[in-house]
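Chemist: Based on what follows, work out the 3D shape:
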Amino acid sequence: MHSQPSVLDAIRVRRSVRRVLPDPVSPETVEEVLDAARWAPSGLNNQPWRFLIVRSPEKREALARCTRYGELLRSAPAAVAVFLSRSASYSRDKDLQGVGAALQNLLLAAHACGLGACWLGEILNRRKEAEAALGVPSDLELMAVVTLGWPADEGPHGDAERRPLADLVVGEV
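Modeler: Residues are numbered from 1 along each chain as shown. Modelled structure (predicted):
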């Protein structure tokens, strides 16, 4: 079996980037990132994820007030709100896993495009406020917001430490 070293390398070196430049991220680059996200696997190929691109400073500020990580939303030139479409969903557990896979694809694609990205999950503590701030239909349930921007520096981002694999594998049967 032959592996894809570039994918494995990206998985190991990608980090949450919390400091980005104010320079805009082109619509083509955002589209490329979202195109990768939509190729995630999902049960019955139902593709229950939906994306809202958030560029407006006013909307980013409204979202920023819904999380203790608001400064990330204020400083990033773009963000993507990721939703579960209730009408496309057939099995909540499976569909949540699918949305998680789409989020991972999005993060890896952003990294491959040279973008810095940060997955904001804490915003779900104020999900209803965030959904109202974005004005989305009730069919859409917010799952995460990902900030996008060009990294402000080349330094280390986030915690690179991982538990040893031996601590995570519970056995083999």
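
Chemist: Kindly list the longest helix within this structure.
Modeler: helix 92-112 (DSSP state H).

Chemist: Any idea how far that helix is from the middle of the chain?
Modeler: Mean-position distance between helix 92-112 and its chain equals 7 Å (CA atoms, centre = their mean, to the nearest Å).

Chemist: SS state for the closest residue to Leu140 other than its chain neighbours?
Modeler: What sits nearest to Leu140 in space, not counting adjacent residues and going by CB to CB, 6 or more residues apart in numbering, is Phe83, at 4.0 Å. For every residue, glycine as well, the C-beta is placed using N, CA and C. When classified by DSSP: H, G, I helix; E, B strand; the rest coil, Phe83 comes out as strand.

Chemist: For Phe83, the count of nearby residues, please.
Modeler: Look at Phe83: counted by other CB atoms under 10 Å, it has 21 neighbours.

Chemist: same thing with Asn45?
Modeler: Count around Asn45 with other CB under 10 Å applied: 7.

Chemist: Torsion angles phi and psi at it?
Modeler: Here is the backbone geometry of Asn45 (degrees, to the nearest 10): phi 50, psi 40.

Chemist: now do the one 3 residues further on
Modeler: Dihedral pair for Pro48: phi -80, psi 0, per degrees, to the nearest 10.

Chemist: Likewise for Tyr69?
Modeler: Torsion angles, degrees, to the nearest 10, at Tyr69: phi -100, psi 30.

Chemist: Tell me if I am right that Thr67 is in a strand.
Modeler: No - using three-state DSSP, the assignment for Thr67 is coil, not a strand.

Chemist: hang on, the earlier thing: so what does the longest helix of the chain touch, helix or strand wise?
Modeler: helix 5-13, helix 27-38, strand 49-54, strand 78-85, strand 116-120, strand 140-149 (3 or more CB pairs under 8 Å, 6 or more residues apart in numbering; DSSP states H and E).

Chemist: Quick one: residues contacting the nearest residue to Ser91 once chain neighbours are set aside.
Modeler: Spatial nearest neighbour of Ser91, excluding adjacent residues (CB to CB, 6+ apart): Gly43 at 5.8 Å. Gly43 sits next to 90-91, 94-95, 97-98 when contact means CB atoms under 8 Å, 6 or more residues apart in numbering.

Chemist: Spatially, which two of the residues you listed are the most separated?
Modeler: Greatest spatial distance in these: Tyr90 and Gln97, 12.5 Å, computed using CB to CB.

Chemist: the more surrounded of those two?
Modeler: When neighbours are counted by other CB under 10 Å, Tyr90 and Gln97 differ, and Gln97 comes out ahead with 15 against 11.

Chemist: What distance do you get for the more buried one to Glu32?
Modeler: Note on Gln97: its distance to Glu32, by CB to CB, to the nearest Å, is 24 Å.
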